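In: I would like to see how this sequence folds:
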Amino acid sequence: MRLRTSLAHCLLTATRVAEGSAGPGPLRRPPALGGTVLVSLVVGQLGIHAAMAGLRMAAPLQALREGYSAWAVGLLLALFAAAPVVTAMPAGRLADRHGYHRPVYLAVALAAVGTLMAVASTFVDGFWHFALLCLAAMATGTGANTGMLAIQRTAGMSASDPTERVRVFSWLGVAPSLSNVVGPLVAGVAIDLAGFAAAYSAMAVLTLLTLATARRVPPLASPGRPAEGAPASVWSLLHAPGMKRLMLANWLLSTSWDVHTFAVPIIGHERGFSASTIGAVLATFTLTVSLVRLAIPAVAHRMRETTVIGVSMVGTGVLFAVYPLAQTPWQMAACAAVLGLFLGSTQPMILSTLHHLTPDNRHGESLAFRSMAINLSSTVMPLVFGAAGVAVGAAALFWVVGTAVGLGGLSARRLPPPRPPRT
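Out: You can find the predicted model right below:
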């Protein structure tokens, strides 16, 4: 009797294993997200993003020194965001199929090739000079976005519960802020000391940080393959409960960020502030964004994602109503600091909510869809802001967008709560 029971148990176990290997199944528990792995993910994003940020500062500066028009410089800057709009979805699906390492190696290769094309542009003249800079912008922009998607997907799937997921995304959110300091700073020093070719070479070296840390990230268990047949449309992701509300909130918050970056220099100029004063106001905003993301891991267990998103959106709407009324640099800096607290706290919450609204085998796609929307908005909305600013003024931009984001916050509070942790 015991023998028959043991044989039956072995047969049942073997059948389950065979079924799990032959088709889709539940996500097996990934390895614990230890400190070494988390640091590797943060440094990995820092390296490739800093290379892109440094190139994004140096390439337009080189174009201006070579006598290119402001329109050409604008086109060059737009390509950093426009290329990821086209390539985000294939990059997300690549991460869903192959996990972390293959997409990250591809991202490093693209960023390195882009920086080397920028180096080559310093040795040619005429058409090929600007063409190589444009190709470099597209390659590094695509590489940085591809790496970011793989890193965010791995971080979200390695977290064991919603609280840990918020902590992880908060730490990851610090990487872009540091990258926007490290990349331009290294590039600027290299330009002053040895020229643009040296600066672009230094950006290529920064990508090696991502390559070196990739080996410390263990592979995740497969989430299972989609059902047989035609691949599901990316628009089908919007059918998940709450996904449309989340994407609307994400777009409104991204637009708020772009409005602040666009309108503060205009308002500062109208007030007669110096360039350094305007830069200090924007730096105050960036500083508080970084500080709030450093603080979130300590209080993540007391925070609910949907509540933070809703309160931050309503708070942003109220702040946008009073921001144009600020008359002194200190008043504008205070508004910028509070806005940094609101907008800086939302990215980890949105990424965490996006994670639990998405099927396990489509996390890369959902992150790519979000990235595509942000990059498209960052490409198109400045043109809209420019036309609207001429017609109605920068203050009206704050009030219109503030009203929209405030009303959107009321809708965001009805997002579904986090699902239970996986087993």
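
In: which residues touch the nearest residue to Val124 once chain neighbours are set aside?
Out: For Val124, ignoring the flanking residues on the chain, the nearest one in space by Cβ to Cβ, 6 or more residues apart in numbering is Leu132 at 6.9 Å. To be clear about C-beta, it is placed using only N, CA and C from the backbone, and glycine gets the same treatment. Residues in contact with Leu132 (Cβ atoms under 8 Å, 6 or more residues apart in numbering) are Met117, Ala118, Ala120, Ser121, Val124.

In: one more time with 6 Å, if that's ok
Out: Met117, Ala120, Ser121 (Cβ atoms under 6 Å, 6 or more residues apart in numbering).

In: which one of the residues you listed is nearest Arg414?
Out: Met117 (47.3 Å; Cβ to Cβ).

In: for the stretch 201-350 of the chain, just list every one of the strands.
Out: With strands called from DSSP state E, counting those that start in this stretch, the stretch 201-350 of the chain shows none.

In: show me the shaky parts of it.
Out: 220-236 (pLDDT under 70).

In: tell me how many other residues crowd Gly126.
Out: By other Cβ atoms under 10 Å, 7 other residues sit near Gly126.

In: which one (most neighbours) among the contacts of Leu132?
Out: Ser121 (25 neighbours).

In: separation between that one and Phe196?
Out: 8 Å (Cβ to Cβ, to the nearest Å).

In: ok so, going back, make JSON lines out of the contacts of Leu132 and add pLDDT.
Out: Shown next, in JSON lines, are the contacts of Leu132 (pLDDT from 0 to 100):
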{"residue": "Met117", "pLDDT": "94"}
{"residue": "Ala120", "pLDDT": "93"}
{"residue": "Ser121", "pLDDT": "91"}
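
In: export the residues you listed to TSV and tack on secondary structure?
Out: Shown next, in TSV, are those (DSSP: H, G, I helix; E, B strand; the rest coil):
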residue	secondary structure
Met117	helix
Ala120	helix
Ser121	helix
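
In: tabulate those residues in JSON lines, adding columns for distance to Thr207.
Out: Shown next, in JSON lines, are the contacts of Leu132 (distance: Cβ to Cβ, whole Å):
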{"residue": "Met117", "distance to Thr207": "13"}
{"residue": "Ala120", "distance to Thr207": "16"}
{"residue": "Ser121", "distance to Thr207": "18"}
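
In: how many other residues sit next to the nearest residue to Met313 once chain neighbours are set aside?
Out: Nearest non-adjacent residue to Met313, counting by Cβ to Cβ, 6+ apart: Gly409, 2.9 Å away. A count of neighbours around Gly409, defined by other Cβ under 10 Å, yields 22.

In: ok, now which ones touch Gly409?
Out: Gly310, Met313, Val314.

In: burial measure for the first one, as a count.
Out: Number of residues near Gly310 (other Cβ under 10 Å) recorded here: 22.

In: same thing with Val384?
Out: Val384, neighbours per other Cβ under 10 Å, totals 14.

In: how much space between it and Leu397?
Out: Val384 is 9 Å from Leu397, by Cβ to Cβ.

In: for Thr358, same thing?
Out: 33 Å.

In: for Val259, same thing?
Out: With Cβ to Cβ as the criterion, Val259 and Leu397 are 6 Å apart.

In: cool, and Trp171?
Out: Taking Cβ to Cβ, one finds Trp171 at 33 Å from Leu397.

In: do Leu64 as well
Out: From Leu64 to Leu397 the distance is 27 Å (Cβ to Cβ).

In: same question, Thr379
Out: In terms of Cβ to Cβ, Thr379 sits 18 Å off from Leu397.

In: these two: which is more packed in?
Out: Taking neighbours as other Cβ under 10 Å, Thr379 and Leu397 compare with Leu397 leading, 22 against 18.

In: pLDDT of the helix or strand containing that one, averaged?
Out: Taking DSSP states H and E as the definition, Leu397 sits inside helix 394-412. Mean pLDDT, helix 394-412: 82.
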